[in-house]
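>>> with the input below, show me the fold.
(one chain, ligands or ions: 1)
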Amino acid sequence: MGFLCIPSKVIHSTWYNFYMSITRIDNIFSQKEIDHMLKIISEGDSHIDARYGRLRVSDLEHGLLPETIEKFNNIVKNISTLPLKMGSVMSVDYSPLYGEPHLPPHFDGDSNDLIINIQLDSNTFWDIGLNLETYRLNDNCALIFNANEEVHWRVHKRFKEGEHVLMVFARFFNEENLSDYSHLSVPDDKILKAPTDFRNSLGIFD
Ligand SMILES: [Fe+2]
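Below is the predicted model of the structure:
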């Protein structure tokens, strides 16, 4: 597994401070883990999130291979000094089959301190935005960040018929001192303005 750590940066502006600590890991899973993940996703209960144009499968944490859980825990230990514990693991498959895939700038507004965001399978590119930067992932590549500290989003894109991007999200929380980011589920518009303007300035990708 190769670790490529993007340097932490601090951006100051009139309206907000972003403390960015974002890690990228290429080739996170073995082929056995990928095959297993695809299998438990196909066997799970799926729900359409028409609002975001995606098919969601929750509760994957119960079916993970032990080696995947160990890998997640080791990654998290390398990144954070907090006593983080794995909570929910879910997949979302963005596709025009389920609506118009899109993801506006937001915080998760939950109680998790870290998310491992894995692109498991895709047949098109769809850049992820974190604050005022975009990241292009290959399949089996992960971005790891705090989804309650980093504003995250996707570039505008028109998905063609048959295109899809399948993601897995593994979330981690501090079991000794649970965070409460619930106020961020509806954040001050000023915080989202810069990422929203930046996203719009990029136009629409095909
Ligand atoms: Fe999110």
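>>> ok but Leu192 is inside a strand, no?
No. Leu192: not assigned to a strand; according to DSSP: H, G, I helix; E, B strand; the rest coil it is helix.
>>> thought it was touching Pro105?
Yes. Counting by Cβ atoms under 8 Å, Pro105 is a contact partner of Leu192 at 4.9 Å. In short, each C-beta sits where N, CA and C put it, glycine included.
>>> show me the helices in the chain, by range?
31-43, 66-79, 189-201 (DSSP state H).
>>> can those helices go into JSON lines with extra columns for mean pLDDT, distance to Val165 and mean neighbour count?
Listed next are the helices of the chain as JSON lines, based on pLDDT from 0 to 100; distance: least, Cβ to Cβ, whole Å; neighbours: other Cβ atoms under 10 Å:
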{"stretch": "helix 31-43", "mean pLDDT": "98", "distance to Val165": "13", "mean neighbour count": "14"}
{"stretch": "helix 66-79", "mean pLDDT": "96", "distance to Val165": "20", "mean neighbour count": "16"}
{"stretch": "helix 189-201", "mean pLDDT": "93", "distance to Val165": "17", "mean neighbour count": "15"}
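>>> please name whichever of the ones you listed is nearest to Gly162.
Nearest of the helices of the chain to Gly162, taken as Cβ to Cβ: helix 31-43 at 17.9 Å.
>>> quick revisit: which neighbours do Leu192 and Pro105 share?
Residues touching both Leu192 and Pro105 (Cβ atoms under 8 Å, 6 or more residues apart in numbering): Val151.
>>> any chance of the helices of the chain in TSV, with distance to the ion too?
Below are the helices of the chain laid out as TSV (distance: least, Cβ to the ion, whole Å):
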stretch	distance to the ion
helix 31-43	19
helix 66-79	18
helix 189-201	13
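>>> pipe those into CSV and attach distance to Thr23 per row.
Output for the helices of the chain, formatted as CSV (distance: least, Cβ to Cβ, whole Å):
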stretch, distance to Thr23
helix 31-43, 19
helix 66-79, 6
helix 189-201, 20
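>>> looking at these, which is nearest to Val168?
Of the helices of the chain, nearest to Val168 by Cβ to Cβ is helix 31-43, at 6.4 Å.
>>> what's that closest one packed up against?
Here helix 31-43 touches helix 66-79, strand 84-94, strand 114-122, strand 165-174, going by 3 or more Cβ pairs under 8 Å, 6 or more residues apart in numbering; DSSP states H and E.
>>> contacts for the third one, please.
Right, strand 114-122. Residues outside strand 114-122 that contact it (Cβ under 8 Å, 6+ apart): 28-29, 34, 37-38, 41, 72, 75-76, 79-80, 84, 91, 108, 128, 137-147, 164-172.
>>> please check these and keep the buried ones.
By neighbour count, with 16 or more other Cβ atoms under 10 Å, the contacts of strand 114-122 hold 28-29, 34, 37, 41, 72, 75-76, 79-80, 84, 91, 108, 128, 137, 140-147, 164-172 as buried.
>>> and the gap between Met86 and the ion?
Distance of Met86 to the ion, computed by Cβ to the ion, to the nearest Å: 17 Å.
>>> what's the burial count for that residue?
18 (other Cβ atoms under 10 Å).
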